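*Asks:* Sequence and computational prediction follow.
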Amino acid sequence: MLKRAQFRHTHNQAFRVRIGAQHGFDRAIIVSLSASRMDGIAVEDVDYRNDLEFGHRILRIFVGEYVSGGGQWKNPDPALLPEGQMMAAGLVDDLTAVDGVQVLLARDPTLPPLRPDVDQCSTPDWDQAVSACDAAWIIAPESDGILLRLTRMVEAGGRLLLGCRADAVSVASSKIATARLLAAWGVPSIPTPDRCGVIPPSTTGWVAKPDDGAGACDMIATDDIDHLRHWLQSRLDTHVVQPRIDGLAASVLFLARDGEASVLSINSQSVELTHKDCRYLGGTIGEYEQHRAALAPLAAAAAAALPGLWGPVGIDVLLTETGPVVVEINPRLTTLWSGLHDALGINPAKMVLDLANGRPLPECRPIKKVKVTVP
């Protein structure tokens, strides 16, 4: 116990020195772990996961939003940046409102500070920044295995992961793997071929998208099969083709832990699908609460099928004349988070930290509708 207390004191001092040394947002923080050891106790030997009670000490949380946080070092994708900044801003606002929490925010050096009162670091080596904190909250696209890689980095570093576990991220990152899993559990989902590039029969047209895509990038909708085949020529190994299904675009936001789920809100989504591309325009939190009874079982089934889902999860759904159909599972915080606190009247980040403390899954629903618009 004495060694553990000595380690914390030394670690706290090293953290304050590192943060205090950073005066400009364009200056990278270089984290040295040698100062954070005491009597041979390594950083990775200390388990923070059962030591989150606020008031005893400061809980340091690394917030890593991939696009705005330097994941695309000095070249953030302009198509994904608005949503990334919205999610990062909403999460930082929520975390800093929790007593006993200190945030270290990853920030691309080409971008201005998100908030002048929040410690920010500019470094492509997130593992060093994560090592300087007690916990990490990662927001990243599933494409190219990015979210999975960063999730595994946090798990391997022994820090508390405030998000879905790697096994669940691995499945949910793939449209094909997700469709197989949902089918095995009897959950209605969009018919998806077992291989990329295969065009299924359809009388209503098709939607083509990356198997591991995120953010509505590199997608098209068309009823012209010749156009589809031409568009797919360079994407046969990466994209899935699904029959287009008419319905209202909705989403279910919920918290998950140990195979159980608690729905936070049922929302509308605004998606612009054309034969050239697809754009996500935002949505309205609480717009479809009248469908909660029909959609809550989908969240429960997803959590049971993927027990590694933990914390905030989103399910994209189509509300059709014959019932709801799952489009995909997002094993992470989504864009609508930026308006969730306002809609619920409760801090959702505090609810996630309560999950880590072993408290029961919350029961809540929006007290008002909140529109979230992507610039």
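*Replies:* On my side now, so go ahead.
*Asks:* Identify each buried residue in the stretch of helix or strand Gly314 belongs to, please.
*Replies:* Here Gly314, judged by DSSP states H and E, is contained in strand 311-320. Within strand 311-320, the residues scored as buried using 16 or more other Cβ atoms under 10 Å are 311-319. (Glycine included, C-beta is placed from N, CA and C.)
*Asks:* for stretch 259-270, same thing?
*Replies:* By 16+ other Cβ under 10 Å, the buried positions in stretch 259-270 come out as 260-269.
*Asks:* Can you verify Ser251 is assigned to a strand?
*Replies:* Yes - assigned with DSSP: H, G, I helix; E, B strand; the rest coil, Ser251 falls within a strand.
*Asks:* got the contact list for it?
*Replies:* 266-269, 283, 314-317, 334, 336 (Cβ atoms under 8 Å, 6 or more residues apart in numbering).
*Asks:* Same check on Arg60?
*Replies:* Contacts of Arg60 by Cβ under 8 Å, 6+ apart are 15, 102-104, 132-135.
*Asks:* So for it, what's the pLDDT?
*Replies:* Note for Arg60: predicted pLDDT of 97.
*Asks:* Helix or strand for the closest residue to it other than its chain neighbours, just tell me which one.
*Replies:* Closest residue to Arg60 apart from its sequence neighbours, by Cβ to Cβ, 6 or more residues apart in numbering: Cys133 at 4.2 Å. Take DSSP H and E as the rule and Cys133 turns out to sit in neither a helix nor a strand.
*Asks:* measure Cys133 to Arg149 for me?
*Replies:* 18 Å (Cβ to Cβ, to the nearest Å).
*Asks:* Show me which of these two is the more surrounded one.
*Replies:* Neighbour tally, Cys133 and Arg149, criterion other Cβ atoms under 10 Å: the higher count belongs to Cys133, 24 against 13.
*Asks:* quick one: the more buried one from Val118, how far?
*Replies:* 13 Å.
*Asks:* same thing with Ala216?
*Replies:* Counting by Cβ to Cβ - Ala216 and Val118 are separated by 29 Å.
*Asks:* coming back round to it: list just the nearest of the contacts of Arg60 to Asp211.
*Replies:* Ala135 (30.5 Å; Cβ to Cβ).
*Asks:* Under the pLDDT cut-off, which ranges of the protein? List them.
*Replies:* Low-confidence segments of the chain (pLDDT under 70): 1-56, 215.
*Asks:* and the most centrally placed residue in it, what is it in contact with?
*Replies:* Nearest residue to the geometric centre of the chain (Cα atoms, centre = their mean): Arg332, 2.4 Å. By Cβ under 8 Å, 6+ apart, the residues touching Arg332 are 138-140, 142, 147, 163-164, 169, 312-314.
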